[in-house]
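Colleague: the sequence isn't on hand, but the structure is:
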């Protein structure tokens, strides 16, 4: 008489295989989530920088700005905690309060922006010296890929994939 069914060894082998496949899947999903967080943060920065450019180029004085409207300032802030940046209109008499935005906790800025960048009105570029640029690199722990945004003196912004340490 033969007994039908699986032996304990066969069941253990199947469970080990399922465990290995599940572990690999979790690791891949974690890396995917980190890469997506970097992309989202870089897109948020890029979108806000392009919005700043557009507002500065229009020359339309924002609410709370008195005197001459000189442009809009972009500055990375928040050295501890999640990365933050400020957006503020620059006016000759009084400027409105800065709009502070925060990036996701899961990302960090590898090369913080050294100093402010002011996007000037009516196609006057930025406050950067001709030929210079400022770089903001968004990275996440546990992955090697990141995204750099380079702001040139003329106000152009380029996006590049880079390797983070």
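Modeller: On my side now, so go ahead. Quick caveat: nothing in here was measured; it's all calculated off a predicted structure.
Colleague: now tell me which helix or strand of this protein has the poorest mean pLDDT.
Modeller: In the chain, the helix or strand scored least confidently by mean pLDDT, DSSP states H and E is strand 107-109, which has a mean of 87.
Colleague: quick check: residue 39 touching residue 146?
Modeller: No. The criterion here is C-beta atoms under 8 Å, and residue 39 misses it with residue 146 at 9.9 Å. The way it works is simple: take the backbone N, C-alpha and C, and place the C-beta from them, glycine included.
Colleague: and the two? Which one has more around it.
Modeller: Per other C-beta atoms under 10 Å, whichever of residue 39 and residue 146 has more neighbours is residue 146, with 25 against 17.
Colleague: assumed that one was part of a helix.
Modeller: No. Using DSSP: H, G, I helix; E, B strand; the rest coil, the assignment for residue 146 is strand, not a helix.
Colleague: correct me, but it touches residue 137?
Modeller: Yes. Residue 146 is in contact with residue 137 according to C-beta under 8 Å; the separation is 5.5 Å.
Colleague: anything in contact with each of those two?
Modeller: Taking C-beta atoms under 8 Å, 6 or more residues apart in numbering as the contact rule, residue 146 and residue 137 both touch 110, 162, 164.
Colleague: want to throw the residues you listed into CSV with distance to residue 125 and neighbour count?
Modeller: CSV is the format used below for the shared contacts of residue 146 and residue 137 (distance: C-beta to C-beta, whole Å; neighbours: other C-beta atoms under 10 Å):
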residue, distance to residue 125, neighbour count
110, 26, 15
162, 25, 15
164, 29, 19
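Colleague: how about the helices in this protein?
Modeller: Assigned by DSSP state H, the chain shows helices spanning 8-58.
Colleague: report the rounded mean pLDDT for stretch 153-164.
Modeller: If you average the pLDDT over stretch 153-164, you get 91.
Colleague: name the residues of it that are buried.
Modeller: For stretch 153-164, a neighbour-count test (16 or more other C-beta atoms under 10 Å) marks 153, 155, 157, 164 as buried.
Colleague: so the first one sits against residue 124, correct?
Modeller: No. Residue 153 is beyond contact range of residue 124, at 10.7 Å (criterion: C-beta under 8 Å).
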